[in-house]
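1. okay, predicted coordinates and the sequence, questions at the end:
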Amino acid sequence: LSSVPLQILLYINGFYYIFYFLATLAMIFYKSQVFSYPDNFLAPDLTLLFIMAILEALRLYLGSKGNLTEEEAPLGISLVITVGSVILSVYFLVWQTYVLKADVIINAILLFTYGLESVLQVLAIAAFVG
């Protein structure tokens with residue numbers, strides 16, 4: 001009953017998130033050097049990025065584990081963590097101090113994969129329960 005498309009998407013998203021994290025970190029450093037980045041906003045932006053990385057690792061692990069073991073609980077927890085990741089992604093898309101076009105592109109891709117994974121997780125949970 002495991003969802004192969006969900007497992008593939010979780011695997012691909014793991015690599016994409018590594019790219020996302022490094023690109024966002026590089027852009028934060030770039031913005032802090034090129035623009036007059038307020039010091040009191042640099043630390044919170046970096047902290048939120050690292051919190052997002054921890055959430056993402058946990059989300060991907062639980063999603064993959066729940067899918068492979070056909071258990072609803074890890075998939076459900078992964079789905080709940082996805083909400084937090086979406087909020088943080090929206091923060092980096094809309095509310096961070098400076099938003100570059102590259103921020104918009106990489107966050108749009110990330111939000112799209114979150115949406116697709118959420119749909120596949122709900123379908124997998126429904127298959128496991130039924």
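-> Received, thanks. Please read all numbers here as calculations on a predicted model, not as lab measurements.

2. excluding residues flanking it in the chain, which one is nearest S85?
-> Leaving aside its sequence neighbours, S85 sits nearest to L55 (C-beta to C-beta, 6 or more residues apart in numbering; 5.3 Å). C-beta here means a position set from N, CA and C on the backbone, and glycine is covered the same way.

3. what about that neighbour, how many neighbours?
-> 17 (other C-beta atoms under 10 Å).

4. tell me which residues in the helix or strand containing it are buried?
-> Following DSSP states H and E, one finds L55 within helix 39-69. If you call a residue buried by 16 or more other C-beta atoms under 10 Å, then helix 39-69 has these buried ones: 45, 48-49, 52-53, 55-56, 59-60, 62-67.

5. then stretch 77-97?
-> 77-79, 81-82, 85, 88-89, 91-93, 96-97.

6. in this protein, which spans are strands?
-> Secondary structure of the chain (DSSP state E): no strands located.

7. low-confidence ranges, it, go.
-> Across the chain, nothing is flagged by pLDDT under 70.
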